[in-house]
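*Asks:* sequence? don't have it. structure:
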Ligand SMILES: Cc1cc2nc3c(=O)[nH]c(=O)nc-3n(C[C@H](O)[C@H](O)[C@H](O)COP(=O)(O)O)c2cc1C
């Protein structure tokens with residue numbers, strides 16, 4: 001028989017079990033009591049000891065043609081080095097990924113959809129070359145539209161090493177690092193939450209790809225990384241909050 005590359009053990013691995021055990025079926029659905037006293041915040045705030053950096057209101061070219069942008073979108077891995085990204089451009093990308101775009105009495109809705117409106121994904125930035133930002137690790141707060149400065153320093157090589165040595169991470173002007181605060185979603189969806197967390201991250205990343213293309217920046221999604229290397233850099237525990245996806249962003253070399 002032809003070798004398919006997937007052995008028997010691979011067909012009964014944790015992935016298959018996860019897929020099976022998190023299926024919705026008519027028998028399994030419903031009956032789960034939602035404890036409204038135990039909902040978690042949909043946003044994370046670090047304490048006052050971390051410097052806050054407000055972001056400019058993003059100037060967005062609203063005439064950009066979405067169909068043209070979709071047809072042009074590519075994963076871009078070559079960036080112009082030594083150039084500085086404008087803070088306004090970074091603000092526009094953050095707005096496109098997680099910005100608040102509508103509010104009701106109880107909810108704030110964001111640019112990217114989220115299962116149940118629970119918004120489990122947090123955005124961190126590894127900044128190397130961005131106007132007015134000291135190099136370092138930042139946390140983005142959609143509800144305040146600002147950054148919290150967590151760790152000073154050029155962490156590009158550390159993050160590149162954690163991303164299996166991928167050079168794009170070290171060359172990029174900035175890298176987006178998305179984590180999930182798992183309980184936000186697990187509260188409602190239990191183990192199926194993990195599916196939705198990854199879907200949420202995909203929506204956010206696609207917005208980054210499209211907004212980056214519109215703004216003349218190169219974006220590359222990065223799923224290959226040593227999870228705990230990235231978690232340690234951010235200072236998250238890897239269980240309650242854990243990295244799910246990265247993206248490098250740089251000024252695109254045409
Ligand atoms: C979930 C995911 C993970 C990816 N991980 C990496 C990665 O680690 N390194 C990389 O260079 N590209 C990565 N990519 C980019 C893909 O290689 C790229 O999307 C694919 O080759 C198709 O090319 P295109 O995006 O230009 O259409 C990833 C893309 C996705 C969606």
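*Replies:* Nice, thanks for sending it over. Quick caveat: nothing in here was measured; it's all calculated off a predicted structure.
*Asks:* all strands in the stretch 1-150 of the chain, in order from the N-terminus.
*Replies:* Counting by DSSP state E, counting those that start in this stretch, the stretch 1-150 of the chain has strands at residues 52-54, 100-103, 108-110, 121-127, 136-141, 146-152.
*Asks:* tell me which residues in the third one are buried?
*Replies:* Applying a neighbour-count criterion of 16 or more other C-beta atoms under 10 Å, one finds 108, 110 buried in strand 108-110. Heads up, the C-betas are built off the backbone N, CA and C, glycines and all.
*Asks:* Against which helices or strands is that strand packed?
*Replies:* For strand 108-110, the helices and strands in contact under the criterion 3 or more C-beta pairs under 8 Å, 6 or more residues apart in numbering; DSSP states H and E are strand 100-103.
*Asks:* Just the element for residue 179, please.
*Replies:* Residue 179 belongs to strand 174-181 when elements are defined using DSSP states H and E.
*Asks:* do that strand and the ligand meet?
*Replies:* No: taking C-beta under 6 Å from any ligand atom as the criterion, strand 174-181 and the ligand are apart, separated by no less than 11.2 Å.
*Asks:* That strand pairs with which strands?
*Replies:* The strands that strand 174-181 pairs with in its sheet are strand 121-127 (antiparallel), strand 241-251 (antiparallel) (by DSSP bridges).
*Asks:* about what we covered before: I'd like the strands of the stretch 1-150 of the chain written out as JSON lines, with mean pLDDT and distance to the ligand added.
*Replies:* Below are the strands of the stretch 1-150 of the chain laid out as JSON lines (pLDDT from 0 to 100; distance: least, C-beta to the nearest ligand atom, whole Å):
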{"stretch": "strand 52-54", "mean pLDDT": "98", "distance to the ligand": "28"}
{"stretch": "strand 100-103", "mean pLDDT": "95", "distance to the ligand": "24"}
{"stretch": "strand 108-110", "mean pLDDT": "95", "distance to the ligand": "20"}
{"stretch": "strand 121-127", "mean pLDDT": "98", "distance to the ligand": "14"}
{"stretch": "strand 136-141", "mean pLDDT": "98", "distance to the ligand": "20"}
{"stretch": "strand 146-152", "mean pLDDT": "98", "distance to the ligand": "23"}
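*Asks:* Output the ones you listed in TSV, with distance to residue 24 appended to each entry.
*Replies:* Output for the strands of the stretch 1-150 of the chain, formatted as TSV (distance: least, C-beta to C-beta, whole Å):
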stretch	distance to residue 24
strand 52-54	41
strand 100-103	28
strand 108-110	25
strand 121-127	22
strand 136-141	32
strand 146-152	37
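*Asks:* So which of the ones you listed is the most surrounded?
*Replies:* Greatest average neighbour count among these goes to strand 121-127 (a mean of 24), per mean count of other C-beta atoms under 10 Å.
*Asks:* Contacts for it next, please.
*Replies:* The contact list for strand 121-127 (C-beta atoms under 8 Å, 6 or more residues apart in numbering) reads 44, 90, 94, 97-98, 114, 133-140, 142, 147, 150, 155-156, 159, 169, 173-181, 197, 200-201, 204, 233-234, 241, 244.
*Asks:* and those, which are buried?
*Replies:* Among the contacts of strand 121-127, the ones that count as buried by 16+ other C-beta under 10 Å are 44, 90, 94, 97-98, 114, 133, 135-140, 142, 147, 150, 155-156, 159, 169, 173-181, 197, 200-201, 204, 233-234, 241, 244.
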